[in-house]
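Asker: Turn this into a structure:
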Amino acid sequence: MPDVHRNEESIANFILNSLLILFAVLLLCIHAAPALAATPGASATDPARVLAVEQGLGEAATLLEKGEAAKAYELYMRLVRLAPDDDAVKLGLARAAARAKRWNQAVIAYEILLEKYPAAGLYGELAHVYMMLGDREAAERSLAIMRSLDGTTTKAETDKVLDILTKRYSDFRVHGKVRAGVQYDTNANVGPASNDLTLGSWQIRMDGAKEKRSFGAYLGADVDMGYRFYRDSPWWLVGDVQAFWRGHGNSRMGDASTKSRYSQWGRAAVGLRHLSSSTLAEVRMKGEIFDHEFYQHVSAWGPEGSLLWAATPSAHLIVRGNLEKREHSRDILRDGMYGSAGLYGRVFFGSDSHELLFGGRYLGSNTNKRDYNYDGWEATTRLLFKLPHDFELNPHLSYTREYYKGPATALEAEDRRDKRFGAGLGLTYRINESWSLEAGYQYTNNHSNSALYDYKRHYMNTGIVWSF
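Answerer: Predicted coordinates:
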């Protein structure tokens with residue numbers, strides 16, 4: 001009997017010890033569960049992990065939308081370590097890598113995705129990355145697969161896309177426009193409503209001063225160039241050349257007192273541009289000349305600059321300024337320094353990315369004659385609506401005040417004061433990527449306390465534009 005009791009006690013002790021060990025293991029597992037969830041070997045369906053990945057995806061997408069591609073890329077890399085099998089993470093990583101200019105990493109991410117999802121759209125994105133790497137042959141292979149998958153895109157269409165991307169990602173870029181058209185101007189000489197003027201207390205007659213109406217024609221061209229110092233460099237050498245000619249049919253515009261039947265304007269500039277994911281800073285040195293009938297001209301040269309900050313992809317802040325030395329061939333008293341400084345906001349809105357630009361600038365001059373010096377300001381707003389059937393509508397408004405340091409003429413005692421209202425409407429029809437038709441209307445009402453500078457003007461034009 002004693003042996004039986006000892007056996008029963010042993011069995012009871014064994015069961016009790018086993019229960020204690022099991023309870024300890026359970027406690028250990030409970031304490032270890034959070035740590036396991038934070039390791040790659042943890043289950044992908046763990047609630048804590050799923051929540052962390054979802055939150056990370058939202059934050060990374062927001063960073064990418066704001067243009068902070070580098071930060072988005074780093075976050076996606078952390079998410080890949082947390083959820084290596086999550087395809088949404090892989091897609092975000094591929095796109096963030098491309099925008100952050102980590103093109104080799106983007107290629108790897110896209111190729112991993114394409115092994116599982118051979119989708120036409122992904123092949124199109126991969127081709128885009130190959131073009132950023134300068135590998136057109138690889139891009140063509142990707143687009144060939146894309147065409148075989150979607151069954152609708154033609155080789156001619158993809159070749160056209162590659163040509164566009166080749167220009168976009170080239171280290172040397174040239175683009176511009178050539179335009180020609182006809183015009184009608186109700187005040188081509190920017191003159192007052194009558195030859196009989198009241199200047200101060202004097203009544204005088206100035207023959208040839210009155211506004212002159214005229215039909216005419218115009219021809220213009222501008223070319224903008226940029227050279228990147230090396231691939232991935234944020235620095236560009238930039239330059240532009242522009243020219244514009246305008247002629248009037250009214251023969252009275254060629255009178256000896258006017259000599260403005262035709263005019264020409266030209267400009268050339270060169271400078272540096274720094275481009276990042278959210279800013280564009282640029283400084284150029286320019287030279288310009290405006291001429292009437294090769295009889296009288298105004299030349300100007302000096303620096304100009306701009307700074308654009310993209311707070312978000314759809315909201316930009318723009319600072320612009322310029323300072324120039326002007327010389328007049330037949331009125332040296334107006335020679336001197338002229339400048340402006342402005343602040344503008346630009347917003348893109350709607351599914352078609354319509355554009356709103358608004359802001360203002362300071363205007364000023366310091367000339368050889370104090371009476372021609374002025375300070376002033378200008379407020380402006382401009383809209384660009386992208387309409388159906390390849391039309392674009394461009395209304396704009398402006399209001400300007402100028403305060404001169406002396407009277408407009410020797411016959412007047414009051415310092416000259418001008419306030420100018422401008423309004424306009426432009427309409428463009430895009431025939432194709434290279435050709436378009438343009439039409440425009442501009443209204444100017446300059447109210448001045450000097451009758452010589454008090455005028456109204458209506459200007460209309462229509463023409464054709466070639467873009468390259």
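
Asker: Now stretch 175-190: buried residues?
Answerer: R179, G181, Q183, Y184, D185, T186, N187, A188, N189 (16 or more other CB atoms under 10 Å). (Each C-beta comes from the backbone N, C-alpha and C, glycine too.)

Asker: Mind listing the residues bridging to the third one?
Answerer: The one in question is Q183. Following DSSP bridges, Q183 is listed with bridge partners G216, N461.

Asker: Which two among the buried residues of stretch 175-190 are spaced furthest apart?
Answerer: Farthest pair in those (CB to CB) is R179 and N189. Separation: 23.4 Å.

Asker: that older thread, considering the buried residues of stretch 175-190, which is situated nearest to M285?
Answerer: R179 (25.9 Å).

Asker: Show me the strands in the stretch 301-450 of the chain, by range?
Answerer: 315-328, 336-349, 354-367, 374-387, 391-404, 417-430, 435-448 (DSSP state E, counting those that start in this stretch).

Asker: how about the helices in this protein?
Answerer: Remark: helices assigned in the chain by DSSP state H are 2-37, 47-65, 69-82, 87-99, 103-116, 120-132, 136-150, 155-168.

Asker: pull the helix or strand with minimum mean pLDDT from the protein.
Answerer: Within the chain, no helix or strand scores below helix 2-37, which has a mean of 48 by mean pLDDT, DSSP states H and E.

Asker: Quick one: low-confidence residue ranges for the stretch 151-300 of the chain.
Answerer: 256-258 (pLDDT under 70).

Asker: I'd like the helices of the chain written out as a markdown table, with distance to D222 and mean neighbour count added.
Answerer: Supplementary listing: these in a markdown table, determined by distance: least, CB to CB, whole Å; neighbours: other CB atoms under 10 Å:
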| stretch | distance to D222 | mean neighbour count |
| --- | --- | --- |
| helix 2-37 | 61 | 10 |
| helix 47-65 | 33 | 15 |
| helix 69-82 | 32 | 19 |
| helix 87-99 | 30 | 21 |
| helix 103-116 | 32 | 17 |
| helix 120-132 | 27 | 21 |
| helix 136-150 | 29 | 17 |
| helix 155-168 | 17 | 13 |
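
Asker: picking up where we left off before, turn the strands of the stretch 301-450 of the chain into CSV, columns for mean neighbour count, mean pLDDT and distance to I112.
Answerer: Listed next are the strands of the stretch 301-450 of the chain as CSV, based on neighbours: other CB atoms under 10 Å; pLDDT from 0 to 100; distance: least, CB to CB, whole Å:
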stretch, mean neighbour count, mean pLDDT, distance to I112
strand 315-328, 16, 97, 35
strand 336-349, 16, 97, 33
strand 354-367, 17, 97, 38
strand 374-387, 16, 97, 37
strand 391-404, 16, 98, 41
strand 417-430, 16, 98, 39
strand 435-448, 16, 98, 43
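
Asker: export these to JSON lines and tack on distance to G58?
Answerer: Output for these, formatted as JSON lines (distance: least, CB to CB, whole Å):
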{"stretch": "strand 315-328", "distance to G58": "20"}
{"stretch": "strand 336-349", "distance to G58": "23"}
{"stretch": "strand 354-367", "distance to G58": "27"}
{"stretch": "strand 374-387", "distance to G58": "30"}
{"stretch": "strand 391-404", "distance to G58": "35"}
{"stretch": "strand 417-430", "distance to G58": "37"}
{"stretch": "strand 435-448", "distance to G58": "41"}
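
Asker: Which one of the ones you listed lies nearest to L114?
Answerer: strand 336-349 (31.7 Å).

Asker: if we can go back for a sec, ok, which of the helices of the chain comes nearest R401?
Answerer: helix 47-65 (39.7 Å).

Asker: relative to helix 69-82, how tilted is that closest one?
Answerer: Here the directions of helix 47-65 and helix 69-82 differ by 160 degrees (axes from the mean of the first three to the mean of the last three CA atoms, to 10 degrees).

Asker: Rounded mean pLDDT for helix 47-65, please.
Answerer: Mean pLDDT, helix 47-65: 80.

Asker: Mind giving me the packing neighbours of that helix?
Answerer: The contact analysis (3 or more CB pairs under 8 Å, 6 or more residues apart in numbering; DSSP states H and E) places helix 47-65 against helix 2-37, helix 69-82, helix 87-99.

Asker: Now do that helix against helix 87-99, angle only.
Answerer: Using the same axes, to 10 degrees, helix 47-65 lies at 30 degrees relative to helix 87-99.

Asker: Dump helix 47-65 to CSV, restricted to CA.
Answerer: The C-alpha coordinates for helix 47-65 follow below in CSV (Å, rounded to 0.1, in the frame of the first residue of the first chain):
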residue,chain,number,x,y,z
PRO,A,47,-3.6,43.4,-36.9
ALA,A,48,-0.8,45.6,-35.6
ARG,A,49,1.2,45.0,-38.8
VAL,A,50,-1.7,45.6,-41.1
LEU,A,51,-2.5,48.9,-39.4
ALA,A,52,1.2,50.0,-39.5
VAL,A,53,1.4,49.2,-43.2
GLU,A,54,-1.9,51.0,-44.0
GLN,A,55,-0.8,54.1,-42.1
GLY,A,56,2.6,54.0,-43.8
LEU,A,57,1.0,53.7,-47.3
GLY,A,58,-1.1,56.7,-46.6
GLU,A,59,1.8,58.8,-45.4
ALA,A,60,4.0,57.8,-48.3
ALA,A,61,1.3,58.6,-50.8
THR,A,62,0.8,62.0,-49.3
LEU,A,63,4.6,62.7,-49.4
LEU,A,64,4.6,61.6,-53.1
GLU,A,65,1.7,63.9,-53.9
